[in-house]
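> Give me a model of this one.
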Amino acid sequence: MRVYNPTTGLEREMTEQEVRQVRMFGCTEQQMREAVEQSLTFRFSGAAMYAMSLMSDAQEEILRDMNEDARQTLNRAKWILSTYCMDNE
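This is a model prediction of the structure:
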């Protein structure tokens, strides 16, 4: 798998960790972090509200039998909660 970096304009092979992240989340953690931090919901309502919005999206995906998409959406919501909402002990 190859990944494109819009900042540098270069493509490179994905690491095994990035491939695993794409399977788990539908994108890499770096791409997810950029999307989250650029989101107006995140900026104005916070990480928990952003995660709740994703959970609503997952419910809609389940209703439409988009189970793999729903799984990845829920994984993104869990990542947001663990990264931005939980204390790093």
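
> residue boundaries of the strands in the chain?
2-5, 10-13 (DSSP state E).

> Tell me which of those strands sits nearest to S53.
Each of these has some distance to S53 by Cβ to Cβ; the shortest is strand 2-5, at 25.9 Å. (Glycine included, C-beta is placed from N, CA and C.)

> Show me what the closest one is packed up against.
The criterion is 3 or more Cβ pairs under 8 Å, 6 or more residues apart in numbering; DSSP states H and E, and the helices and strands that strand 2-5 contacts are strand 10-13.

> Contacts for the strand it packs on, please.
In this structure, residues lying in contact with strand 10-13 by Cβ atoms under 8 Å, 6 or more residues apart in numbering are M1, R2, V3, Y4, N5.

> Pick out the shakiest of the strands of the chain, pLDDT-wise.
Mean pLDDT is lowest for strand 2-5 out of the strands of the chain, coming in at a mean of 73.

> about what we covered before: so which of the strands of the chain is nearest Q31?
Among the strands of the chain, if distance is taken as Cβ to Cβ, the winner is strand 2-5, at 8.6 Å.

> what about R12, distance to N5?
Distance, R12 to N5, using Cβ to Cβ, to the nearest Å: 7 Å.

> which of the residues in the lowest-mean-pLDDT helix or strand in the chain are buried?
When the helices and strands of the chain are scored by mean pLDDT, DSSP states H and E, strand 2-5 comes last with a mean of 73. Of the residues in strand 2-5, V3 count as buried by neighbour count, 16 or more other Cβ atoms under 10 Å.
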